[in-house]
Structure formats: structure tokens, C-alpha cells
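**Q** Below are the sequence and a predicted model; questions follow.
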Amino acid sequence: MAAAGEHGDPDDGDALAAWEARASELRASRDRLAARGAEVEAARRDGEARRARAEATVAMNEGRIARAEADAVTLATREGALLTEREQLGAESALAARREEEAASALGELRLADAAARERLATAERDAVATRDRLRAADERLRAADRSDLEARLGRDALREQLLVELAGLGELGLRRLIAEASVGGVPVGGVPVGAGDASDDASTRPSTTAMAALAASPTTVTTVTTRRPSKRP
């Protein structure tokens, strides 16, 4: 063709050059379109990837939203339960406070009652001590009285024995005289009236044993008589 162009028409060479230039432009345009298509494809793939990531993010967000709504429902339920529990705790706290006040009042009353009981106990103990002291004093007086009575009985018995001994030693005449002096005012002693010993002319003028026993039973009278007028033994 080159040879034909050299020996042929010059217009053919120009046309050929034009066709070659046009082909170069078309190839360049094709390359540009291919590059632009590659860019568009890359952009499309990138967009699809972004869309996929966005869809995944939306799905994750929807899951989170669902979980958040479920958590919100749970929290609302829990909040209602906590409010109810708080009301119950408030009522129980008020009841406990009222019971504490009642217990404090009862404790105060018990302390007052205990103080009063202690005071009564102290008074009772003082009364018991005073009663024991009076009882001890009464026992001492009773023992003293018993001792005095015993001493009196012992003295009276000793005096009676002494009088019996002295009466036995007086003899018949002295005993009759003693009986006569003891029977002042006509009061008989030992069943022997005044002057009975003088009026009797019986040989047996000896005083009876009953008279001696009566004189021995009345040591005070005999002691008074013998003190006022001692009898003489025969």
C-alpha cells in the first residue's frame, strides 16, 4: 500500500493518514471510555460495599434498638417493682417507727414500775428490819420475863423449903403462935381458925400438917409476920 501511495494519488495518502488519525482517536477514546468504565465499576463496587456496610449497620442498629426497647420495658417493669417495694418499705418503716415508739413508751413505764417496785421493796425491807428489831426486842423481853419468872419460882421454892425447915424447927408452940399472928382479922390459915389452939383442951394440940403446908405455900405472909414479929423458939 505504501508503494501504491508513493506511485498513486496523493489524496489517497491523505485519506489514509486521516483514517489512521481517526483510528488513533477512536482507540484513545476507547481507552478513555474503558478507564472511565473501570472507574465507574470501581465506584459502583465501592457504593455497593458502602451500601452493604450501611445495611449491616442498619441491621445492627435495629437489633440494638430492639434490645434497647426490651431493656426499656424491663427497666420500666423494674422501676414499677422498685416503686412498689419502696412504698412497702416506707409502710414497714413507719410501722417499725410506731412499734419503736410503743416499745420506748413501754420501756419507760417498765422503768417507772421498776423504780416504784424498788422503792416498795426498800420500804418493805426497812419495815422488815424494824419488825425484826421489834421481834428481837420482844424476844429479849420475853426471855427476860421468863428468866425473871424462873428466878422468882426458884426463889419462892427456895424460900418455901427454907420456911418448911424453919417451921419444922419452931416446935408446936411457936407454930401455933405463928398461925395465930398470921390469921389477922379472923382469917384462918391452913384451916385452923384464930384461937383454935387456945380453946382446945385436947391433949393433941399440935398443928396439923395441912397448916404447915399452907404456911409453906404462903411464904410472903409468913416472911412478913416473922419480919414484923420474930417468933422465939421454945
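**A** Looks like it arrived, so ask away.

**Q** doesn't Met35 fall inside a helix?
**A** Actually, residue 35 is Ala. It isn't Met. Yes - when classified by DSSP: H, G, I helix; E, B strand; the rest coil, Ala35 is found to be part of a helix.

**Q** Any stretches of the chain with poor pLDDT?
**A** 1-10, 170-171, 174-175, 177-178, 180-234 (pLDDT under 70).

**Q** again, 90 this time
**A** Within the chain, the set of residues satisfying pLDDT under 90 comprises 1-32, 34-39, 41-44, 47, 50-51, 153, 155-234.

**Q** So which residues of it form helices?
**A** Listed in chain order, the helices of the chain (DSSP state H) span 2-7, 10-182, 196-199, 209-217, 219-228.

**Q** Need those in JSON lines (columns: mean neighbour count).
**A** The C-beta positions use only the backbone N, C-alpha and C, and glycine is treated the same way. Rendered in JSON lines, the data for the helices of the chain read as follows (neighbours: other C-beta atoms under 10 Å):
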{"stretch": "helix 2-7", "mean neighbour count": "9"}
{"stretch": "helix 10-182", "mean neighbour count": "11"}
{"stretch": "helix 196-199", "mean neighbour count": "14"}
{"stretch": "helix 209-217", "mean neighbour count": "17"}
{"stretch": "helix 219-228", "mean neighbour count": "15"}
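
**Q** Check the gap between Gly80 and Thr57 for me.
**A** Distance, Gly80 to Thr57, by C-beta to C-beta, to the nearest Å: 34 Å.

**Q** go on, Ala34?
**A** Distance of Ala34 to Thr57, given as C-beta to C-beta: 34 Å.

**Q** repeat for Gly13
**A** 64 Å.

**Q** likewise Ala106?
**A** Relative to Thr57, Ala106 is positioned 69 Å away (criterion: C-beta to C-beta).

**Q** got it, and Ile65?
**A** 12 Å.

**Q** what do you get for Arg67?
**A** From Arg67 across to Thr57, the span is 15 Å (C-beta to C-beta).

**Q** Same check on Arg44?
**A** Between Arg44 and Thr57 the distance is 20 Å, computed by C-beta to C-beta.

**Q** next one: Ala42
**A** Ala42 sits at a distance of 22 Å from Thr57 (criterion: C-beta to C-beta).
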